[in-house]
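A.B. asks: fold the stuff below for me.
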Amino acid sequence: MRIDLTDTTSSKINKALVQGRRAIGTPAVGMVLTLVIVTDEENAYDALKAANDASREHPSRTLVVVKRFSRSPRDRSKARLDAEVRLGADAGTGETVVLRLYGEVINHAQSVVLPLLLPDAPTVVWWPVNGPVDPAKDPLGALGQRRVTDTYAAEQPIHELTARSENYTPGDTDLSWARITPWRSMLAAALDQLPTKVTSVEVEGEEFNPSCELLAMWLADRLSVPVKRTLSAGPGLTAVRMETEDGPIVLDRADGSLATLCMNGQPDRAVALKRRETSELLAEELRRLDPDDTYASALKFGVDRLGAVVEKAEAEASKTGEDAAADKPAPAKKAAPAKKAAAK
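C.D. replies: Below you'll find the predicted structure:
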């Protein structure tokens with residue numbers, strides 16, 4: 001069921017939601033949270049599809065905020081709010097309201113969204129693209145207990161990670177972090193099976209992929225060892241190699257679907273490690289609404305510090321080699337050959 005409202009208000013949208021629920025025979029509200037999606041017209045369809053799929057696990061009221069920027073000064077001076085209310089089969093297992101803001105209303109989006117939030121239910125704000133530098137200080141982000149961004153969609157993902165680290169607030173998270181959950185689980189399980197000391201790590205993946213950097217920072221933060229970041233053709237993360245005192249541990253995924261886990265003294269094992277859809281990543285983030293301390297610790301480790309650790313390790317290795325060469329005794333000189341006896 002769809003209800004279109006032109007030049008409307010938040011009050012009229014709430015009335016339309018009540019009337020729609022009665023019309024389809026579900027007057028009760030059985031949703032567990034409010035999901036606010038802040039996006040543009042170009043990415044609204046994909047974001048809404050992912051939210052509808054995630055709502056099968058987390059029934060929610062989804063509010064899609066689309067800011068329609070006008071080109072002419074005359075249009076920018078006109079404030080208008082259009083809404084599309086979706087219920088029943090058109091909205092997954094919850095309710096969906098698509099809000100299109102025009103003119104001055106764009107600068108007051110939080111005032112439009114606030115009356116539409118479910119009472120006594122948590123609120124999650126998600127930016128599929130163009131996330132703010134400081135999500136907690138964003139007017140819409142301030143409404144949520146959980147704020148989800150995606151640095152993979154940023155123009156400069158690595159710089160975006162640095163900005164996220166500098167402005168981190170408990171409750172912030174990123175879909176790039178959710179993408180490496182299977183990798184983190186598999187690597188942690190491998191070290192549980194083979195309790196040994198890790199001496200160094202190499203993370204291999206495509207360039208400009210923030211998930212690779214986050215995994216490298218997590219390993220460096222948790223293991224306190226040098227982590228080297230190398231590039232590959234992808235897709236995404238392709239391999240992690242951990243050098244240990246008992247031999248290497250290698251998790252290699254060349255095709256983006258099936259990985260191979262290699263450990264010393266054990267047969268190679270095939271591991272299902274496929275790249276997940278956005279709806280699966282979003283559903284994972286909605287399972288927990290408390291601050292993610294592990295993500296915060298890895299993020300604050302810092303991309304710059306990750307490079308510094310590698311450089312320091314290489315410098316120490318080079319210095320150790322030079323010291324060993326200096327301490328090595330010089331080879332003894334050969335004795336001069338005896339002079340031949342003079343001819344008689």
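A.B. asks: which residues sit against the helix or strand that contains R61?
C.D. replies: Per DSSP states H and E, R61 falls inside strand 60-68. By Cβ atoms under 8 Å, 6 or more residues apart in numbering, the surrounding residues in contact with strand 60-68 are 31-41, 44, 47-48, 51-52, 55, 91-92, 94-102, 106, 109, 112-113, 116-118, 140, 286. Every C-beta, even on glycine, is put in place using the N, C-alpha and C of the backbone.
A.B. asks: distance of the residue most central in space within the chain from E245?
C.D. replies: With distances taken as Cα atoms, centre = their mean, the residue of the chain nearest its centroid is S176 (1.8 Å). Counting by Cβ to Cβ, to the nearest Å, the separation of S176 from E245 is 32 Å.
A.B. asks: same question for A89.
C.D. replies: Relative to E245, and taking Cβ to Cβ, A89 is found at 58 Å.
A.B. asks: repeat for V18
C.D. replies: Taking Cβ to Cβ, one finds V18 at 65 Å from E245.
A.B. asks: more neighbours: which of the two?
C.D. replies: Each of V18 and E245 has its neighbours counted (other Cβ atoms under 10 Å); V18 has more, 11 against 8.
A.B. asks: which SSE is V271 in?
C.D. replies: V271 is located in strand 269-272, with elements delineated by DSSP H and E.
A.B. asks: which elements pack onto the next helix or strand along the chain from that strand?
C.D. replies: Using DSSP H and E, the next helix or strand after strand 269-272 towards the C-terminus is helix 278-286. Counting contacts by 3 or more Cβ pairs under 8 Å, 6 or more residues apart in numbering; DSSP states H and E, helix 278-286 packs against helix 41-54, strand 123-126, strand 146-149, helix 175-178.
A.B. asks: output the ones you listed as JSON lines; include the columns mean pLDDT and distance to V271.
C.D. replies: Output for the helices and strands packed on helix 278-286, formatted as JSON lines (pLDDT from 0 to 100; distance: least, Cβ to Cβ, whole Å):
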{"stretch": "helix 41-54", "mean pLDDT": "92", "distance to V271": "25"}
{"stretch": "strand 123-126", "mean pLDDT": "96", "distance to V271": "29"}
{"stretch": "strand 146-149", "mean pLDDT": "95", "distance to V271": "27"}
{"stretch": "helix 175-178", "mean pLDDT": "95", "distance to V271": "18"}
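A.B. asks: any chance of these in TSV, plus distance to S165?
C.D. replies: Formatted as TSV, the helices and strands packed on helix 278-286 follow (distance: least, Cβ to Cβ, whole Å):
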stretch	distance to S165
helix 41-54	25
strand 123-126	19
strand 146-149	13
helix 175-178	12
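A.B. asks: looking at those, spot the one closest to N167.
C.D. replies: strand 146-149 (10.9 Å; Cβ to Cβ).
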